[in-house]
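Got a sequence here, can you model it:
(chains A, B and C)
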Amino acid sequence: MDEAFDTDMDLPAHLTPPLAKGHLSVARLARYWYVVCTARDLGKRPIAITLLGTPLVVFRSAGGGVAALLDRCPHRNVPLSLGSVDKRTGVLACAYHGWRFGPDGRCVEVPGLIGEPSKAWQVPAYPAKEQDGLVWVYGSPDAPPATEPFSVSGGLGSGSTSVIREVEAESTLHAAIENALDVPHTAFLHKGLFRGGKKNRITALVSRYPDRVEIEYQGEPRPPGVVGKILSPSGGIVEHWDRFFLPSIAQVEYRLGSENHFLVTSMCTPVSDTHTKLFAVVTFRTRLPARWLKYVIEPFAQRIFRQDAEILAQQTRTIRRFGGEQFVSSELDLMGPHVWRLLKQAEQGSLPTEAQPVLKKVEFLA
Amino acid sequence: MDEAFDTDMDLPAHLTPPLAKGHLSVARLARYWYVVCTARDLGKRPIAITLLGTPLVVFRSAGGGVAALLDRCPHRNVPLSLGSVDKRTGVLACAYHGWRFGPDGRCVEVPGLIGEPSKAWQVPAYPAKEQDGLVWVYGSPDAPPATEPFSVSGGLGSGSTSVIREVEAESTLHAAIENALDVPHTAFLHKGLFRGGKKNRITALVSRYPDRVEIEYQGEPRPPGVVGKILSPSGGIVEHWDRFFLPSIAQVEYRLGSENHFLVTSMCTPVSDTHTKLFAVVTFRTRLPARWLKYVIEPFAQRIFRQDAEILAQQTRTIRRFGGEQFVSSELDLMGPHVWRLLKQAEQGSLPTEAQPVLKKVEFLA
Amino acid sequence: MDEAFDTDMDLPAHLTPPLAKGHLSVARLARYWYVVCTARDLGKRPIAITLLGTPLVVFRSAGGGVAALLDRCPHRNVPLSLGSVDKRTGVLACAYHGWRFGPDGRCVEVPGLIGEPSKAWQVPAYPAKEQDGLVWVYGSPDAPPATEPFSVSGGLGSGSTSVIREVEAESTLHAAIENALDVPHTAFLHKGLFRGGKKNRITALVSRYPDRVEIEYQGEPRPPGVVGKILSPSGGIVEHWDRFFLPSIAQVEYRLGSENHFLVTSMCTPVSDTHTKLFAVVTFRTRLPARWLKYVIEPFAQRIFRQDAEILAQQTRTIRRFGGEQFVSSELDLMGPHVWRLLKQAEQGSLPTEAQPVLKKVEFLA
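Here you go, the predicted model:
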C-alpha cells in the first residue's frame, strides 16, 4: 500500500535534465523456443518457471515426455506447480482440490464429482520438448510451433568436453546478449582478468544475415593476462568469432594456436522484461587436462560473470530510476544495435528475406 | 521508486493466454460489525488495527468502555495509536503535540493553547462495543449502526468448553470464508489428517436465506483418519452442518455419536481487500478430557490452518500475478458462489426480503 | 510485479471518512544550493547522492575542486558513481566500458575508439562548490546559478566551538523544517528531556520577510528539565530565536544567562520528495568544558533527533496510507505555515519584493 503514493518520479519540467523517454529495449518474441531448465533438473516433481513474464508449470508426463501448462488452476487459481504428478498416468493434480490435468491441459478428473469434467475446464498448454540435455518451451500456447529449437549438438572433435552452466541477470534480454557479445567492456569491467596491457589495432568484420549476426575479429594477440599464459605458453594466433542467432542465442568461439578451442553457446531465456536466464553450453579442447578446468577456468568464468551480472543489475536499476533508457552508441558498439534490429524485426514480423549479409568493417584498439 | 517502472505486466495481446479480467471477489460491507481484537488484548495502551483498509486506533476510554477512532491526528497526521490514554479522563493524547481527543473523536485540549479547541478538529469515530469477550467495531464512522454484532453466546450444554483462537490469511474475505466452509479440499490439501480413504456418496442439502446459507451433509461416515479413531472408537453417526452468516461469519458444527459435539464459529474480519483475520470461538464437548485437547486437537487444528493459510496466500499471489481472478466452478463448490451472491447483494443493498430459503440438493463422493 | 495489483486504496465513497485530497507539501526549488556531503567525506572515490529525486555523482576533479554530474553514463546508463577518478587528470571513468568524462560533463575519451568522442556524448553537469567544510550542489544543471549557498561562517566569539552533524528523516523537506523549528511538540514528544513542568505564558513575535521567517520567544524560564540544571545552575534569562531561510535552512539560537550560547544551523537537503537529510552546524559556548558535551549534550541531542525522526517517519507513512495530507493548524503552529508560504512562492517565482516584514504576535503557555 505504501508504494502507491510516490511523487518522487513526478518531477516538474524545470527539474529534469534530459531524462528518458520511457523506452526499454524489450522485444517479446513469443513464437520461438526457449530453454527453461536442464533435463537433469526436471525430475518427478513439477517445476514453476516464468517465461516472457508468464508463470508456467513444467513436468514430466507419462513416458517421460515433457509438458508445460499455464501455472494456474482454472478452478481457484492456485499454482499447479504446488501439485504433484501421478507416476502411472502422468497427469498433474492441483494441491488444493485435486483437479487433474493432462499434458495437453485438459481436465481429466475432479475428485468427488459424479459425472465428467467440463471441457471448458482447460489450462493453456505450451509446446515443450527435450533436446541436447535441455528442456525447451515454445513461447505461445495452444498453437503448432512455427520454428524449431536452436541445435546445440556437435562438439569440437575428439578430445573435446562439454558442460552446461546456468547464470541469471537482472537485465533485459537485449542487454544480456549485448553484454555477452561485447568486446570493449572486458578491458575495463574485467581488468586484469583477461584483456588489458598494450593496445593493438583490431579489425572487426560484421555480417548481418536475416536471422543472425556474426563478427570476426582479426589481429588479436594472445591475451597478455593470466589466462593467456596458462593456455598457450608459446603464443600463437588468436581466431575469434562472436555470433548472435535469433531469438536469443549468443555464441563466442575462440581458437588459440592449434591446441585450444572454445565454443560457448548461451541460450538466453527472457524470464521477464528485466530478468534473463542464460543456459550456457561450454565446449572446449585445450592443452590442459579437462579436470584442471574445474580449478582454473571455472572460478575465472564465474568471477567474470559475477562482474557482468552486477553491472547489468546496476544498469537496469539506473534505467528504472530514470524512467527508461537513454543510450548513445559509438562505432565500437558492434553487436548490440544489430541484435536490437533483428529482435524488433522478428517481433514485428518484418525480417528481411534475402540471404546476402549486410557487411561492415570497423577498426579499433584493444 | 524502483517499482514505478515495470513493464512485466504489460504483455501485448499475442502473448496472452486467456488471462484475467481484473476481477477480484471483494465486497466491502461497511454497515456491519467486525471483531478487531479480543477483549483481553485491549489493555491500557491504544491498539492500531486496520478494518476494511482503514487504519483505526482502538482504546479503552473512561469507565472501561471501548472506543475506535480513525488512526490519524487531524493536526499533523501522526497515528493516534502512538499516543497514550489518560487513566483518569480516558482521553487519547497524540504523541507528537499532545492534542487530546475523547471517545467521540472531539478535540478536548490542545496543550499550550489559550482558548478552546476548534470543533473542526474532529477525528472520525467508529461505533465500538465489547461483547462475548471480543471487541467489535462498526465499519462506518459517525453514524448509528444499522445492525447488531453477531451473537456467539450459548454453549453446547453442560460439560462443554470454549476457547478463542486467532489466525490470519493473505486472502480476500470471500476466499477465506469459502476455504473455511469447503469440504472437497480437505481430502487433498489435508490428506491423511482427516478425510481420505474409501469414498462414500454424500448428500448435501443447501438452504440459502436472505442473510445466511446453511448446508447439511448426510451420509458422512465416521472419519477414517486419526481424529475419528481417537474421538469415537466405537463408530457412530456423523451429523455435519456448515453455515455462513452475513457479513463474515463461517460456522461448522459436527456431532459424532452422542459423545462428541463441535461448534467452530469464525468471525472473519476484512483487514484489507486481500488480508483477512479470523477470530474463532471453538466450543466442544467430547469423550476426551478437555485438557487432552491441548495436546491432540490444537496441534492438529494449527497444522490444518497453516496448510490453508499457505494455499490461500499462494492463491492470492497467483491472482495478483495474473491481474485478477479467472475461476471456474463445479457443482461441488457448494458454499462459495452462494456466499459471494449474498456479499454482493449486501454491498449493493439488494438483499432479498422473503424468509423462504432457496433450496438445492447435490450428491457427491467423499 | 505483485505491487501492481492493489485495490486496497480504492475504497468506495461510502467507506471513506474524510480522507485526503492527494496533497503533499512538496515544493521543489531547483534554483538553489544544497549540501550533499561534508568536504571531509568526499575523498578520492566518487560518491552517489540524490538531490531533488535526481541521482548525481559527486567527485573531486583535478586540483581538488568538486564536481557533480548526472549519475548515468550516456553510453549504456550505468551509474558513473561505480567508476573511478584518474588522479592525474581528474576525469571520471565509467566502470563498464571506461568512457571518461570531465567535471563539465564532456566525454573526453572512449577507450579503443580511433578518433574523437562525439560532443553529443555529454553528461548534464550541476554547479558544485566547497564552502564552510561542506560540499554544495546547485539543483539545476548546465546553467549559471542564480543564487549563492547560505553562508554558515561566523562563530559565537572566543571560546566557541563548532561541530557538523548529519541526520536523516523520512519526511518532506517542509515537515522536517517545521519539526526542527516547532516549540510545542517538545513538551510531549521529548517529555522529560527538556520542556515540561509548570507552564508559563510565552510571547512569540513572528516576522516574515521575503526570504526568511524569524520568531522571537519572550518569557521563557530556564528549562526545568535536566539540561537547564546542568547548564545554568543559578538560573538566568532565556533568549530564544527560531529562523528559517530559503530554500531550506532551519536555525535555532538560544542564550541562557551570560554563560551559554547555542546556534544550531541545519542545512536541509531534499533527497527526494519524502526523504530529507540535515547537515547541522552546531556552534556553542557554555560554562561546561567543550569535551563534556561529548558525554552530555551529544547523547541528549541524538536521543531527541531519534524521537523526531521516528515521529516524522510515522507521519509520512500515515500520509501515504491515506493518500495525502489532511492537516489542521492551531495558532500555535507558528512557523510551518509561513515556511510553506515562502516555499510555494519561491517555487512559483512569486516571492514578494518589499523588505518590510509581516508581523504577528501570539501568546501561549509552555
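
From now on I want contacts and neighbour counts done on CA atoms only, so please keep to that.
Will do.

so which strand or helix has residue A:234?
Counting by DSSP states H and E, no helix or strand carries residue A:234.

Now do the longest helix anywhere in chain A: which elements does it pack against?
In terms of residue count, the longest helix belonging to chain A (DSSP state H) is helix A:297-321. Packing contacts for helix A:297-321, counted by 3 or more Cα pairs under 8 Å, 6 or more residues apart in numbering or on different chains; DSSP states H and E, involve strand A:161-169, helix A:173-180.

and if we set it to 7 Å?
strand A:161-169 (3 or more Cα pairs under 7 Å, 6 or more residues apart in numbering or on different chains; DSSP states H and E).

Contact partners for the residue in the stretch 101-250 of chain A that chain C sits nearest to?
Distances between the stretch 101-250 of chain A and chain C by Cα to the nearest Cα are smallest at residue A:185, namely 4.3 Å. For residue A:185, the contacting residues are C:96-97, by Cα atoms under 7 Å, 6 or more residues apart in numbering or on different chains.

Mind doing that once more with 8 Å?
Residue A:185 is in contact with C:96-98, counting by Cα atoms under 8 Å, 6 or more residues apart in numbering or on different chains.

So which of the residues you listed wins on neighbours?
When neighbours are counted by other Cα atoms under 10 Å in any protein chain shown, residue C:96 leads these with 28 neighbours.

Next up, phi/psi of the residue nearest to it when sequence neighbours are not counted, please.
In space, residue C:96 comes closest to residue A:189 once its chain neighbours are excluded; the distance is 5.2 Å by Cα to Cα, 6 or more residues apart in numbering or on different chains. Note on residue A:189: its backbone torsions stand at phi -70, psi -40 [degrees, to the nearest 10].

Could you double-check that residue A:189 sits in contact with residue A:309?
No: Residue A:189 lies out of contact with residue A:309 (Cα atoms under 8 Å); the separation is 11.1 Å.

any low-confidence regions in chain A?
Scanning chain A for pLDDT under 70 picks out the ranges A:1-21, A:154-155, A:192-197, A:223-228.

hey, where'd the helices end up in it?
A:173-180, A:186-189, A:226-231, A:290-295, A:297-321, A:336-348.

What parts of the stretch 101-250 of chain A come near chain B?
Applying Cα under 8 Å from any Cα of the partner chain, we find that the stretch 101-250 of chain A lies next to chain B at A:111-114, A:121, A:124, A:139-141.

Please list only the buried members of those.
Buried subset of these (neighbour count, 16 or more other Cα atoms under 10 Å in any protein chain shown): A:111-113, A:121, A:124, A:139-141.

Give me the buried stretch members for stretch A:353-364, please.
A:363-364.

That stretch: how far from the chain's middle?
24 Å (Cα atoms, centre = their mean, to the nearest Å).

Quickly check: it near chain C or not.
Yes: applying Cα under 8 Å from any Cα, one finds stretch A:353-364 in contact with chain C at A:363-364.

Tell me which two in the buried ones among the residues of the stretch 101-250 of chain A next to chain B are the farthest apart.
A:112 and A:139 (34.7 Å; Cα to Cα).

any idea which of the contacts of residue A:185 is closest to chain B?
Distances from chain B to the contacts of residue A:185, taken by Cα to the nearest Cα, are shortest for residue C:96, at 21.5 Å.

For the closest one, give me its contacts.
Here residue C:96 is in contact with A:185, A:188-189, A:311, C:78, C:83 (Cα under 8 Å, 6+ apart).

picking that back up, could you dump the helices of chain A into JSON lines and include distance to residue B:335 and mean neighbour count?
Shown next, in JSON lines, are the helices of chain A (distance: least, Cα to Cα, whole Å; neighbours: other Cα atoms under 10 Å in any protein chain shown):
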{"stretch": "helix A:173-180", "distance to residue B:335": "46", "mean neighbour count": "24"}
{"stretch": "helix A:186-189", "distance to residue B:335": "61", "mean neighbour count": "20"}
{"stretch": "helix A:226-231", "distance to residue B:335": "68", "mean neighbour count": "15"}
{"stretch": "helix A:290-295", "distance to residue B:335": "60", "mean neighbour count": "12"}
{"stretch": "helix A:297-321", "distance to residue B:335": "45", "mean neighbour count": "18"}
{"stretch": "helix A:336-348", "distance to residue B:335": "46", "mean neighbour count": "19"}
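
Any idea which of those gets closest to residue B:157?
Closest among the helices of chain A, once you apply Cα to Cα, is helix A:297-321, at 64.1 Å.

angle of the closest one against strand A:161-169?
Counting by axes from the mean of the first three to the mean of the last three Cα atoms, to 10 degrees, helix A:297-321 lies at 20 degrees to strand A:161-169.

just the angle between helix A:297-321 and helix A:173-180, please?
Using the same axes, to 10 degrees: helix A:297-321 against helix A:173-180 is 140 degrees.

chain center to helix A:297-321, what's the gap?
14 Å.

Pull the contacting residues for the spatially most central residue of chain A.
Centroid-nearest residue in chain A: residue A:268, 0.8 Å away (criterion: Cα atoms, centre = their mean). Contacts for residue A:268 (Cα under 8 Å, 6+ apart) come out as A:34-35, A:173, A:177, A:248-250, A:276-279.

between the residues you listed, which has the most around it?
residue A:173 (29 neighbours).

Please verify my assumption that that residue contacts residue A:267.
No: using Cα under 8 Å, residue A:173 is not in contact with residue A:267, being 10.7 Å away.

and for those two, which residues touch both?
Contacts common to residue A:173 and residue A:267, judged by Cα under 8 Å, 6+ apart, are residue A:248.

Distance check, residue A:209 against residue A:246.
Distance from residue A:209 to residue A:246, counting by Cα to Cα, to the nearest Å: 10 Å.

So the closest residue to chain B within the stretch 101-250 of chain A versus residue B:199, what's the distance?
Closest approach between the stretch 101-250 of chain A and chain B, counting by Cα to the nearest Cα: residue A:112, at 4.2 Å. Remark: distance between residue A:112 and residue B:199 (Cα to Cα) = 8 Å.
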